[in-house]
Each structure stands twice: as C-alpha cells, then as structure tokens.
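Asks: Fold the following.
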Amino acid sequence: MKITYNKLVRDLIPQIIEKSGKTAVYDTLSDEAYLEMLDKKLVEEMNEYQTDKNLEELADILEVVYALAEAKGSSAIGLEKLRVEKAVSRGGFKKKILLKEVIEK
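Replies: Numbers count the residues shown, from 1 in each chain. Got it, this is the predicted structure:
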C-alpha cells in the first residue's frame, strides 16, 4: 500500500519511517520550494492548533516559525529580538484588550 503526502516533514521522519520497516520516498527542496512548503506547513500547524488547542501544536507552530526565520536569513534569536522590540514599542497581549472602535475627531 502506498500513501502520498507531498508535505514538508521534520528532518528525522524518513528515518523513523524506515525504522518501522516501511520505505520513505522523499526529496530535498530548493530554497524557493522550501519557503513555499514552510508557508503551507504553518497553515497546517495553525489549523491543527485550532482543532486541538494543545501546547504540542503550539510547539509545532514555533518550529515552523523558527525555520521560516532561518530560511529568510534570520534566526530564532533574531526573531525574538524583533518580537521584544515590538512588545516594547506597541505592547504585548497580556492586558487582553479588545479594541471595539476608533472615533475620529
């Protein structure tokens, strides 16, 4: 039986499949295709989080976000620096503020 996936997977998945006695057929993506598949993977992981609402799915989202940062020439540390800069200049989400409307004067 053959199951077709055509999706980005974590680096050790082919080895895990092989250890289970199955054959993994895979390829290495170009940089452009990698970015495209990371974007799709991010949507997939966000959808899984919306369904399951668990921390494991949030960890998967972070893994994809960190991979995207690296693929775009940054790093998890660089991304965190940007996050902190935005938190300092615009705040975070801790106060649970729901902006209902803005009235111009």
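Asks: where exactly do the helices run in this protein?
Replies: Along the chain, counting by DSSP state H, helices occupy 13-19, 31-52, 55-71, 76-90.
Asks: Let's have these in TSV, adding distance to Lys105 and mean neighbour count.
Replies: C-beta here means a position set from N, CA and C on the backbone, and glycine is covered the same way. Putting the helices of the chain into TSV (distance: least, Cβ to Cβ, whole Å; neighbours: other Cβ atoms under 10 Å) gives the following:
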stretch	distance to Lys105	mean neighbour count
helix 13-19	57	12
helix 31-52	38	14
helix 55-71	39	15
helix 76-90	22	11
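Asks: Any chance of the ones you listed in a markdown table with distance to Leu99 as columns?
Replies: Shown next, in a markdown table, are the helices of the chain (distance: least, Cβ to Cβ, whole Å):
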| stretch | distance to Leu99 |
| --- | --- |
| helix 13-19 | 42 |
| helix 31-52 | 22 |
| helix 55-71 | 24 |
| helix 76-90 | 13 |
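Asks: Ok, which of those helices comes nearest Ile3?
Replies: With Cβ to Cβ as the criterion, Ile3 lies closest to helix 13-19 of these, at 10.5 Å.
Asks: Can you show me the CA trace of that closest one as PDB?
Replies: C-alpha atoms of helix 13-19 as PDB (Å, rounded to 0.1, in the frame of the first residue of the first chain):
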ATOM      1  CA  ILE A  13      10.700  11.500   9.800                       C
ATOM      2  CA  PRO A  14      12.300   9.500   6.900                       C
ATOM      3  CA  GLN A  15      14.500   7.600   9.400                       C
ATOM      4  CA  ILE A  16      11.500   6.900  11.700                       C
ATOM      5  CA  ILE A  17       9.600   5.600   8.800                       C
ATOM      6  CA  GLU A  18      12.500   3.300   7.700                       C
ATOM      7  CA  LYS A  19      12.900   2.000  11.300                       C
END
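Asks: And the spatially most central residue of the chain, what's its pLDDT?
Replies: By Cα atoms, centre = their mean, the mean C-alpha position of the chain lies nearest to Val64, the distance being 2.6 Å. Note for Val64: predicted pLDDT of 98.
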